[in-house]
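In: My questions are about this predicted structure, shown below with the sequence.
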Amino acid sequence: MADVADVVVITGMSGAGRTHAMHVFEDLGYYVIDNLPPSLLLPLAKIVGIQSGVGRHLACVCDLRSQGLFDQLLEEVAKLEEHEISCTVLFLDASDEALRRRYALSRRRHPIAHEGETNLQAIRRERAQLEGVRERADRLIDTTSLQPKELTRAIDRLFSELSAQQMMEVHVFSFGFKYGMPPEADLLIDVRFLPNPFWDPAMRGLSGKDRAVRDFVIGHEQTRAFLVAWEQLLDTVLPGYVAEGKSFLSIAVGCSGGQHRSVVLADATAAHLEEQGYAVSVSHRDLPKAKLDPLVADEDGAPEGAGEDGGAEAGAPHGA
């Protein structure tokens with residue numbers, strides 16, 4: 001978790017990863033502007049409301065595309081600091097050969113190349129013009145041998161206020177197989193093998209949000225053994241997704257109708273992941289489709305209930 005400045009100025013060599021960096025800052029929640037004339041840094045910081053207490057950070061790409069306007073960069077950074085707005089200058093660099101090769105592969109012309117000038121000549125001229133800014137930079141990342149995901153991780157470490165786990169949003173949701181499998185799920189677990197509350201008439205009109213159903217599901221030794229193994233699996237798998245830089249992970253928990261067992265276990269899964277430090281949201285896809293019993297209230301006094309986990313097959317056990 002980093003101590004993040006109010007404003008980050010992204011600059012450096014063309015082709016060194018400024019565009020990718022800009023997208024990373026957007027994912028981190030920064031207000032991001034590309035190709036900003038340096039003279040607008042202070043006015044924009046005031047417009048965004050950095051000093052208003054809203055906690056919004058600003059990231060601006062300032063480079064030689066603005067031509068003569070770029071010469072004011074260091075002066076404008078000093079103005080920010082005079083107004084008690086903290087600023088970090090991030091300089092992205094790469095070797096001349098790496099930059100030349102990247103432009104050759106993309107078949108793009110260097111953005112500041114003059115007529116008749118080769119990309120390599122433009123790269124060397126740009127490097128000379130940026131020498132003073134490079135020396136002033138607070139942070140320097142050399143991307144010569146970095147893959148995009150490695151650059152992402154480097155920026156995350158330096159500029160995110162969140163832990164690596166918190167930067168991956170995890171959405172856990174329950175669903176019913178009878179309504180179709182969720183194609184968006186990254187991980188899916190089928191809990192139809194667990195004892196089914198639907199076959200108890202007293203719980204048929206309830207849902208996994210009711211205490212009686214929760215106690216029934218969690219109270220079985222089979223469920224407790226499953227949760228131990230399931231949580232161990234999650235604790236093994238999720239750090240790998242974090243290390244790969246995955247920003248969003250969807251976990252689906254399914255039972256027959258998405259009313260009883262999957263609801264209880266989706267909530268239990270979300271609670272476990274929150275304890276591990278992940279940013280977690282939870283929902284129940286098919287619970288609104290259940291026939292809730294408005295006359296049934298749980299022990300907390302809130303009307304609860306649902307009328308499925310058997311559905312059209314209510315006349316016979318599901319083999320759960």
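Out: In hand now; what should we look at?

In: List the buried residues for stretch 86-96?
Out: Cys87, Thr88, Val89, Leu90, Phe91, Leu92, Asp93, Ala94 (16 or more other C-beta atoms under 10 Å). (Glycine included, C-beta is placed from N, CA and C.)

In: what is the mean pLDDT for that stretch?
Out: Over the span of stretch 86-96, the pLDDT mean works out to 95.

In: again with stretch 277-286
Out: In this model, stretch 277-286 has an average pLDDT of 93.

In: Any idea how far apart the tips of that stretch sit?
Out: Distance across stretch 277-286, first residue to last, is 27 Å (C-alpha to C-alpha, to the nearest Å).

In: got the contact list for it?
Out: By C-beta atoms under 8 Å, 6 or more residues apart in numbering, the residues outside stretch 277-286 that reach it are 162-163, 165-176, 179, 182, 208, 238, 257-259, 262-263, 266-267, 270, 273-274.

In: Equivalent analysis for stretch 14-32, please.
Out: When contacts are taken as C-beta under 8 Å, 6+ apart, the neighbours of stretch 14-32 outside the stretch itself are 8, 10-12, 34, 48, 56-61, 63-64, 90, 92-94, 99, 102-103, 110-112, 123, 126, 141, 143, 146, 148, 151-152, 155-156, 159-160, 162, 167, 247.

In: Give the ChimeraX command for selecting the buried subset of the contacts of stretch 277-286.
Out: The buried residues among these can be selected in ChimeraX (16+ other C-beta under 10 Å) with this line:
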select :162,165,166,167,168,170,171,172,173,174,175,176,179,208,238,257,258,259,262,263,266,267,270,273
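
In: quick one: which of the contacts of stretch 277-286 sit in helices?
Out: With helices identified by DSSP state H, the entries of the contacts of stretch 277-286 that belong to them are Leu238, Ser262, Val263, Ala266, Asp267, Ala270, Leu273, Glu274.

In: Let me see the contact set for the first one.
Out: Leu238 is in contact with Gln165, Met168, Val170, Leu249, Leu273, Gln276, Tyr278, counting by C-beta under 8 Å, 6+ apart.
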